[in-house]
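Peer 1: Here is my input; please provide its structure:
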Amino acid sequence: MSAVKPLPDAEATAVVKESITRIVPDADFTLVRPDDRFRDVLELDSLDFLSLVELLAERTGVRIEEDDYPELTTLADATRFLVGRSGDVAGSAP
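Peer 2: Numbers count the residues shown, from 1 in each chain. All right, here's what the predicted structure looks like:
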């Protein structure tokens, strides 16, 4: 796996939205405000959410544990999580 690079906010948000769109191709982000629970608004079931977690981990190189799932409930939370975790991992890389 390649080294994780810190993600800026805009890139992290784009990765989240693009990943959701791969799972729910007709996802309408005009309905989702940054602090809305996107699983509810876009009707993602548990398997969709697990697919999203896998995609986010693959695309960003950020390790996402089950304990982290509550931090991935809104677009704003997911963005904050990815930015923070990518910065932590990149900062600790040799």
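Peer 1: burial of Phe81, as a residue count?
Peer 2: If you count neighbours by other Cβ atoms under 10 Å, Phe81 ends up with 21. C-beta coordinates here come from the backbone N, C-alpha and C atoms, glycine included.
Peer 1: and Leu72, how far is that from Phe49?
Peer 2: Relative to Phe49, Leu72 is positioned 8 Å away (Cβ to Cβ, to the nearest Å).
Peer 1: does Ile20 really touch Phe38, like I thought?
Peer 2: Yes - at 6.8 Å, Ile20 counts as touching Phe38 under the criterion of Cβ atoms under 8 Å.
Peer 1: higher neighbour count, these two?
Peer 2: The residue with more neighbours, out of Ile20 and Phe38, is Phe38; 28 against 25, by other Cβ under 10 Å.
Peer 1: overlap in contacts of Ile20 and Phe38?
Peer 2: Residues within reach of Ile20 and of Phe38 at once, by Cβ atoms under 8 Å, 6 or more residues apart in numbering, are Leu44.
Peer 1: sorry, back to before: so between Leu72 and Phe49, which is more surrounded?
Peer 2: For Leu72 versus Phe49, neighbours defined as other Cβ under 10 Å are more numerous around Leu72 (21 against 17).
Peer 1: excluding its backbone neighbours, what's nearest the more buried one?
Peer 2: Ranked by Cβ to Cβ, 6 or more residues apart in numbering and with sequence neighbours excluded, the top spatial neighbour of Leu72 is Ala78, at 4.7 Å.
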